[in-house]
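**Q** Below are the sequence and a predicted model; questions follow.
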Amino acid sequence: MDLVSSSVAGRSFPAPANGPAADWLGLSGRKVLVAGAGGIGSAVALAFAEAGAAVVTADRDPARLARLGAELKTLEADLATAEGCEDLVAAAAGTLGGLDILIHAVGINHRVPLLDTADEDWDAILAVNLTSAFRLGRAAGRLMVAAGYGRQVYFSSVSGLLAHPDHGPYAASKGGLNQLLRVMAREWAASGVTANAVAPGYTDTDLTSAHLNRPGVRDHYTAQVPAGRLGSVADLTGPALFLASDRAAFITGQVLYTDGGRTLV
Ligand SMILES: NC(=O)c1ccc[n+]([C@@H]2O[C@H](COP(=O)([O-])OP(=O)(O)OC[C@H]3O[C@@H](n4cnc5c(N)ncnc54)[C@H](O)[C@@H]3O)[C@@H](O)[C@H]2O)c1
């Protein structure tokens with residue numbers, strides 16, 4: 001994450017005089033659990049580390065954890081199970097000495113029409129995308145409410161709002177997630193704990209690349225984005241870190257569409 005300077009359409013903007021050392025987001029020293037070491041989770045974990053936070057990243061796939069490099073703490077966990085979620089939050093809080101921030105970035109999808117969707121696919125997608133959010137959020141929420149501080153940020157999707165064909169269980173999981181976090185937000189607001197979501201449009205990661213690389217698919221989706229391009233993981237780190245920061249203390253229960261305008265059309 002480059003907080004030093006930025007450029008838009010070839011114009012450069014110098015960093016503010018006090019630069020990144022000012023820790024504008026106040027994330028330095030924050031204790032962060034990132035659930036999911038895929039394309040988005042890895043980028044967010046690295047951005048937190050760069051901002052000076054102490055980060056534990058978890059995934060069921062050790063190969064993805066290994067890609068993060070030795071300097072980041074990692075834990076292997078199957079978040080489709082109750083035990084996996086509970087144990088992960090306890091282990092992360094133990095390792096970090098507490099838990100300030102939970103990022104939920106695990107997800108799976110299986111693109112078939114509803115009439116062909118098997119019970120097993122429905123159950124698997126709901127378990128990973130939605131039930132793990134409930135279980136991780138509840139376990140982290142108990143610690144955060146007791147501590148009187150916390151930030152929870154969930155990766156939702158434009159599919160929680162739009163009716164993409166072949167996305168029945170995925171769309172239901174994201175719509176359910178959006179509503180779950182609104183109740184979390186309401187119940188925990190007085191304890192200094194916020195719950196929000198970042199909702200991306202199509203972003204190139206392992207979750208989407210095989211689909212996007214089919215003939216004509218990438219162009220089809222790109223044409224639906226007013227910004228004229230698909231998102232990248234770098235588009236998502238800033239919104240996630242902001243919602244996890246003290247700057248977002250009065251924002252809770254919100255879904256921040258980070259989609260180049262996809263949900264406007
Ligand atoms: N990539 C996109 O276009 C896009 C768009 C909208 C929303 N999202 C959401 O963002 C989040 C992250 O997606 P991504 O693009 O990084 O996908 P990804 O496939 O790159 O990463 C998902 C990660 O979840 C892990 N995972 C799956 N099941 C698990 C389990 N049972 N236990 C532990 N880990 C498990 C996988 O191993 C993988 O590392 C997901 O919630 C996804 O729905 C992604």
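**A** That came through fine.

**Q** So which residues on the stretch 151-265 of the chain come close to the ligand?
**A** By Cβ under 6 Å from any ligand atom, the residues of the stretch 151-265 of the chain that approach the ligand are 155, 157, 200, 202-203, 205-208. Where you see a C-beta, it was placed from the backbone N, CA and C, and this is true even at glycine.

**Q** cool, and the stretch 1-150 of the chain?
**A** Contact residues, the stretch 1-150 of the chain versus the ligand (Cβ under 6 Å from any ligand atom): 36-41, 59-61, 64, 77-80, 105-108, 128-129.

**Q** Restricted to strands, list the residues you listed.
**A** Cross-referencing these against strands under DSSP state E gives residue 59.

**Q** Among the residues of the stretch 1-150 of the chain next to the ligand, name the buried ones.
**A** In those, burial by neighbour count holds for 36-41, 59-60, 64, 77-80, 105-108, 128-129, counting by 16 or more other Cβ atoms under 10 Å.

**Q** Poorly predicted segments of the stretch 151-265 of the chain, please.
**A** Low-confidence segments of the stretch 151-265 of the chain (pLDDT under 70): none present.

**Q** How far does stretch 62-81 sit from its chain's centre?
**A** Chain-centre distance of stretch 62-81: 16 Å, with Cα atoms, centre = their mean, to the nearest Å.

**Q** quick one, strands of this protein?
**A** Under the criterion DSSP E, the chain carries strands at the ranges 6-8, 11-13, 31-35, 54-59, 73-76, 101-104, 150-155, 193-200, 255-258.

**Q** tell me what the fifth one is packed against?
**A** Secondary structure elements in contact with strand 73-76, counted by 3 or more Cβ pairs under 8 Å, 6 or more residues apart in numbering; DSSP states H and E, are strand 54-59, helix 62-66, helix 82-96.

**Q** at 6 Å instead, please
**A** Where contact means 3 or more Cβ pairs under 6 Å, 6 or more residues apart in numbering; DSSP states H and E, strand 73-76 is packed against strand 54-59.

**Q** Next, format the residues of the stretch 151-265 of the chain next to the ligand as JSON lines and append neighbour count.
**A** As requested, these are arranged in JSON lines below (neighbours: other Cβ atoms under 10 Å):
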{"residue": "155", "neighbour count": "27"}
{"residue": "157", "neighbour count": "30"}
{"residue": "200", "neighbour count": "27"}
{"residue": "202", "neighbour count": "24"}
{"residue": "203", "neighbour count": "23"}
{"residue": "205", "neighbour count": "21"}
{"residue": "206", "neighbour count": "11"}
{"residue": "207", "neighbour count": "18"}
{"residue": "208", "neighbour count": "19"}
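
**Q** how many neighbours does residue 62 have?
**A** Residue 62 has 11 neighbouring residues, counting by other Cβ atoms under 10 Å.
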